[in-house]
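> I'll drop the sequence and a predicted model, then ask my questions.
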2 protein chains.
Amino acid sequence: MSDQRTELSQLGEFRLIQRLTEQFELKNPQSVLGVGDDAALLDAAGKQVVVSTDLLTEGVHFDLSYVPLKHLGYKSVIANLSDIAAMNALPAQILVSIGVSNRFSIEALDELYAGMKKACDVYGVDLVGGDTTSSASGLIISITVVGYADAGEVVRRNTAAEKDLIVVTGDLGAAYMGLQILEREKAVYQDSPSIQPDLSGNDYILQRQLLPEARVDVVKSLKELGVRPSSMIDISDGLSSELLHLATGSNVGLVLYEEKIPIDHTTFQAARDFDLDPTTCALNGGEDYELLFTIAQDDYDNIRNHPDFTVIGYTTDAASGYQLIAKNGHVSQLTAQGWQHLNVGD
Amino acid sequence: MSDQRTELSQLGEFRLIQRLTEQFELKNPQSVLGVGDDAALLDAAGKQVVVSTDLLTEGVHFDLSYVPLKHLGYKSVIANLSDIAAMNALPAQILVSIGVSNRFSIEALDELYAGMKKACDVYGVDLVGGDTTSSASGLIISITVVGYADAGEVVRRNTAAEKDLIVVTGDLGAAYMGLQILEREKAVYQDSPSIQPDLSGNDYILQRQLLPEARVDVVKSLKELGVRPSSMIDISDGLSSELLHLATGSNVGLVLYEEKIPIDHTTFQAARDFDLDPTTCALNGGEDYELLFTIAQDDYDNIRNHPDFTVIGYTTDAASGYQLIAKNGHVSQLTAQGWQHLNVGD
């Protein structure tokens, strides 16, 4: 980041938007008109349109004392792209609104938007609109994402059938453990600012927390494999709560095998170092942005060789409830803990 | 409003969203799937899609000491619908994200959403998604609106031609004067809480501030009249700044006649009472949400009998600049003051 500090008041709102968005180019044929008018103009070209929106507030969703603004920009886009992937659709456009206090310089916002641009470039997504305004305190980021799918391709979260297989992508719990390490090092730093943070050996889990990816590739893989999931949701709040959303919405029960839950060895080791149960971290840690989906048993042969797909259980009739089979064979009821974003006050 | 106070913590995020959105029904054929999944699903049915988003923060865009939450809900939707109308498109869906601190009860949010529902009902718009989260301080409202237009119908702000007529809808400056009255009565109340606010005789301008309307009707009127404006923008920040956006974007100059600017007599009187120049209020006061558009001279006969359309000037070559012709014939250069939303700090 440059050392220069330019105050927001030195640019008007109009010129600020211009500065922040001029690096973005329209890449998608559906993006007819981007930033600069009363609204963006999109051409769905016969496809169905999928739209989602997220609101992130400083102190609730992110802590700028250890999250670089560029990473925050990247991650805030990723979280939205993940919602579109979870509908089995491909994201194409975002609209970004930010609320900022005078604490932030223009250079700081440049960093934030550089991260957003990186995500747009990696995922082939266009920034087509937004709003830039003041906030009485801290940073607010609101992102709306637009995606497209052919009619009949979209997969909902409440359409799982009984006896479907439950599949998860990638591995779980790493983003949560990355957060634990960042918070530990923040606490150490606050006590003794001269001590360098000890982040060694944790590259993978730190990256999962700071620079997660959206599984847009999975949407493409499923299409190539000829598999249309019977239901799908993204794992933003933790496996447990997403499984329960999917099962209650679909009016099915489920059986989940603890031993099947994919956990990376560095996540496992970090959890042990923190005296945490790795399975609990995978079940309740958020922000992994992996996809959770169900498929008919007949589709098993189509997905079995995919290196990123793990079958972790199956659906049952609703009356059987939500069963977690522990490694030792013990059966317990799955409960959602997830992340609670409604706990802070004025 | 009911006197009951239920804390946000008594409901989880999932149940809160359910409670706030369950009164909303999908009315538009383009709304395939609304709230409750990872994203909303829309069917453009061959039309082009127009999307806009706004971010409103407490203390910057609204003051809850004199704005009832229900009115705020209504107005925040209106501001977005106006952006779609300004593209000559018809709004059909909104996504609403809110960030709230513990200061707000669930009943307060019910009021906010009741106002939003009223706007959705009046304008035939569907709530199809959003996000509900915490804010460290105050209320944050982010709304995204989706609208539709046939290909070729959309009107941009930067496509005015030289020698076009400049037309404005309704009247201007009333919302600004409504704000002055509300702020005066707030100051009186803070000094002497026993004195009742004096709002008599100002119904129209107070309504223009508290419960403005979006000129979606104008989009329909223009279609009926067979007129496609050469450019269009909505007046959210004041006539001056919107005129300059339109003229600079289109690379034209303009001549604006002060005597033609439509000002309601109650606005005029209120401005006089505050020792303000009514024209200055109309030029620089924001939040009128009227439409400003240009038409080819040949279209004049088509719009001349519309009771809500006023020709206020015409465009010229860019070199002639932006001329304001005062009632006394004096010529000055038009400058934008508008509203500045980037002035507050931490």
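Received the coordinates, thanks.

> all strands for chain A, in order.
A:31-33, A:40-43, A:48-57, A:90-100, A:126-134, A:140-149, A:165-169, A:231-235, A:252-257, A:290-295, A:309-317, A:322-325, A:331-333 (DSSP state E).

> Please see if the third one touches chain B.
Yes - with C-beta under 8 Å from any C-beta of the partner chain as the criterion, chain B is reached by strand A:48-57 at A:48, A:49, A:50, A:51, A:52, A:53, A:54, A:55, A:56, A:57. Backbone N, C-alpha and C define where each C-beta goes, glycine included.

> from those, which is closest to residue A:322?
Here the nearest of those to residue A:322, counting by C-beta to C-beta, is residue A:52; it sits at 26.0 Å.

> ok, the closest one - contacts?
A:80, A:83, A:84, A:87, A:144, A:145, B:38, B:39, B:40, B:95, B:129 (C-beta atoms under 8 Å, 6 or more residues apart in numbering or on different chains).

> Settle this for me: the fourth one is touching residue A:234, isn't it.
No - no contact is recorded between residue A:87 and residue A:234 when judged using C-beta atoms under 8 Å, the distance being 9.1 Å.

> who touches both of those two?
Taking C-beta under 8 Å, 6+ apart as the contact definition, residue A:87 and residue A:234 share the neighbouring residues residue B:38.

> how many other residues sit next to the nearest residue to residue A:111 once chain neighbours are set aside?
In this structure, residue A:111 finds its nearest non-sequential neighbour in residue A:69, 4.1 Å apart by C-beta to C-beta, 6 or more residues apart in numbering or on different chains. Per other C-beta atoms under 10 Å in any protein chain shown, the neighbour tally for residue A:69 reads 21.

> Any figure for the gap between residue A:69 and residue A:20?
Look at residue A:69 and residue A:20: by C-beta to C-beta, to the nearest Å, they are 12 Å apart.

> any common contacting residues for the two?
In contact with both residue A:69 and residue A:20: residue A:109, using C-beta under 8 Å, 6+ apart.

> what sits against the residue nearest in space to the middle of chain A?
Nearest to the geometric centre of chain A sits residue A:79, at 3.2 Å (C-alpha atoms, centre = their mean). Residue A:79 makes contact with A:54, A:56, A:143, A:212, A:214, A:236, A:287, A:289, according to C-beta under 8 Å, 6+ apart.

> Identify the residues contacting the closest residue to residue A:81 other than its chain neighbours.
Counting by C-beta to C-beta, 6+ apart, residue A:81 lies nearest to residue A:214, which is 3.8 Å off, once chain neighbours are set aside. Contacts for residue A:214 (C-beta under 8 Å, 6+ apart) come out as A:78, A:79, A:81, A:82, A:85, A:91, A:123, A:289.

> Helices - which of those land there?
Among the contacts of residue A:214, the members falling in helices are A:78, A:79, A:81, A:82, A:85, A:123 (criterion: DSSP state H).

> What's the local residue count around residue A:60?
Applying the criterion other C-beta under 10 Å, we find 20 residues in the vicinity of residue A:60.

> Could you report the pLDDT at it?
At residue A:60, the model reports a pLDDT of 89.

> Grab the nearest non-local neighbour of it.
Closest residue to residue A:60 apart from its sequence neighbours, by C-beta to C-beta, 6+ apart: residue B:134 at 4.7 Å.

> Quick check: that neighbour touching residue B:98?
No - Residue B:134 sits out of contact with residue B:98 when judged by C-beta under 8 Å, with a separation of 10.0 Å.

> So the two - more neighbours on which side?
Neighbours of residue B:134 and residue B:98, each counted by other C-beta under 10 Å, are more numerous for residue B:98; the result is 27 against 23.

> Spit out the contact partners of the residue lying closest to residue A:271 once chain neighbours are set aside.
Take residue A:271 and drop its neighbours on the chain: the residue closest to it by C-beta to C-beta, 6+ apart is residue A:278, 4.1 Å away. Residue A:278 makes contacts with A:173, A:263, A:267, A:268, A:271, A:272, as judged by C-beta under 8 Å, 6+ apart.

> how about the residues of the stretch 101-250 of chain A that lie near chain B?
With the criterion set to C-beta under 8 Å from any C-beta, the stretch 101-250 of chain A comes near chain B through A:101-103, A:128-138, A:140, A:142, A:144-147, A:151, A:154, A:156-158, A:232-234, A:245, A:249.

> if we go to 7 Å?
A:101-103, A:129-131, A:133-138, A:140, A:142, A:144, A:146, A:154, A:156-157, A:233-234 (C-beta under 7 Å from any C-beta of the partner chain).

> how near is residue A:52 to residue A:103?
29 Å.

> just residue A:309 next, same as before
Looking at residue A:309 against residue A:103, where the rule is C-beta to C-beta, the gap reads 44 Å.

> Have a look at the two and say which one is more surrounded.
A direct count of neighbours by other C-beta under 10 Å for residue A:309 and residue A:103 places residue A:309 higher, at 23 against 15.

> Mind listing what's buried along stretch A:87-101?
A:87-101 (16 or more other C-beta atoms under 10 Å in any protein chain shown).

> was I right about residue A:321 contacting residue A:333?
Yes - counting by C-beta atoms under 7 Å, residue A:333 is a contact partner of residue A:321 at 6.1 Å.
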